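# Using only what follows, build the 3D model:
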Amino acid sequence: MLKKIIFMGTPIFAVPILKSLYQNGYPVSVVYTQSPKKSSRGMKIKKSPVHLMAETLNIDVRTPETLKGNSTEYNYIKDLNADLAIVAAYGKILPESFLSLTSKGFINIHASILPFWRGAAPIQRSLINLDKKTGISIMKIINKLDSGPVCKKYEIEIKNNDNSETISEKLSLMASEKILDDIDDIIHDKANFIEQENEKATYANKIDKLEGKINWNIKAEEIIGLINGLFPSPGAWFVFKGERYKILKAEIGNSNGEPGIVLSENLEIGCKKKSLKIIEIQREGKKAQKIGEFLIGSRILKGSNLNNV
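Numbers count the residues shown, from 1 in each chain. Okay, the predicted model is just below:
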C-alpha cells in the first residue's frame, strides 16, 4: 500500500495531474513548486497554478529557490520516506543525490514523444517544427536531461487549428488520466521501462522572445507554425512604423507576392511561398482584435512593407 507521494510541478499544465491523483485517493503528502513571483504590473506576489491548487486541496507546499546543495530539502525528503515522486513541468533541476530518496524513484510526465523534444519547451518546438503528432512520455528521471527509460508513450494528432495553449490542455488532460493507469504498475515494479533511442534525440530549447520576430522570407506554413507555437506568449510579431504587432491567429492564403508586402486591404501578406491571411491580431498595448475590427482606422494599408519597418 502506498505511503506517500511527492508531487513537483508549476504551470497550469500540471494542475489536472495533481488534482487527479488527489481525487483518486493517491496520498500526495507534499507539493514542490516554483516560488511566488512578483507580478509584471507591480508588487503583488503571484503564486504558481500548482501552488494555488495544492492550497485548495490542503496539501503542504514547499517552494525552494533551488534544490542544488540544499541540505534542508534533502533531509526533508529523506525523512519523508516517500514511495514515489511525480514530476510534471516543475521547471527546476533535480540533483542526482535526490533521485534515490524515494523507494520507487522520481517519475517525470514529459510533454513530448521521447526521445524527440527533450528539454524546456517541447510543445512549442513541436508546433514550430510543424510536427503532425505529439504526446506525453512517462519516464524515470536520471541525471541527464529527459533521457531516462520510458514506460509509456501516448500520442495525439496535431490539428491545423491547434496552438501551444490547446495542445497543452489536451496533453494535460491526457496525462491526468493516463497516470492513473500506470502508477500502480510503477509502484509494484510491473512497469516495463525501456531505454530511449538516444541517437534520435532532439532538443526543445527554452523559447527566447526574439524568436517571435517574423521573417517573411520563409513559407507561409512555417510562419503559421511560429504563430501557433508561440501562442499566447511570447507570440509571433512584426514591427511597423515603430509599433509591434502580435499575430494571434492566421491561415494560409493563395496569393503570391513579394515577402513582407501587404497584398490586399484585408491584410494578406506575401511570404516566400503563398501568403499569410491574418485572422486575429494585437497591437502593442492594445486588446486583441479580429481582423475586421482591426482594419478600421489601421495604418497598415495595401502595399505597406512589413520588413523591419
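# to the chain's geometric centre, what's the distance from stretch 240-258?
Mean C-alpha position of stretch 240-258 versus that of the full chain (Cα atoms, centre = their mean, to the nearest Å) differs by 24 Å.
# what comes up buried for that stretch?
By neighbour count on 16 or more other Cβ atoms under 10 Å, the buried set for stretch 240-258 is Phe240, Tyr245, Lys246, Ile247, Leu248, Lys249, Ala250, Ile252, Gly253, Gly257. The C-beta positions use only the backbone N, C-alpha and C, and glycine is treated the same way.
# gap between the second one and Trp216?
Counting by Cβ to Cβ, to the nearest Å, the separation of Tyr245 from Trp216 is 13 Å.
# Let's verify the closest residue to Leu114 other than its chain neighbours: helix, strand, or coil?
Once flanking residues are discounted, Leu114 sits nearest to Ser137: 4.1 Å by Cβ to Cβ, 6 or more residues apart in numbering. Three-state call for Ser137 (DSSP: H, G, I helix; E, B strand; the rest coil): strand.
# so who does Lys170 touch?
With contact taken as Cβ atoms under 8 Å, 6 or more residues apart in numbering, Lys170 is in contact with Ile156, Asp162.
# ditto for Leu2
For Leu2, the contacting residues are Tyr26, Pro27, Asp83, Leu84, Ile187, by Cβ under 8 Å, 6+ apart.
# Walk me through the domains of this protein.
5-203, 209-295 (automatic domain parsing).
# To Asn307, which of those domains lies closest?
Closest to Asn307 of the domains of the chain, according to Cβ to Cβ: domain 209-295, at 3.7 Å.
# same for the worst-scoring helix or strand of the chain on mean pLDDT, what does it pack against?
Lowest mean confidence among the helices and strands of the chain (mean pLDDT, DSSP states H and E): strand 37-38, at a mean of 84. Judged by 3 or more Cβ pairs under 8 Å, 6 or more residues apart in numbering; DSSP states H and E, the packing partners of strand 37-38 are strand 45-46.
# same thing but at 7 Å, please
Contact partners of strand 37-38 among helices and strands, from 3 or more Cβ pairs under 7 Å, 6 or more residues apart in numbering; DSSP states H and E: none.
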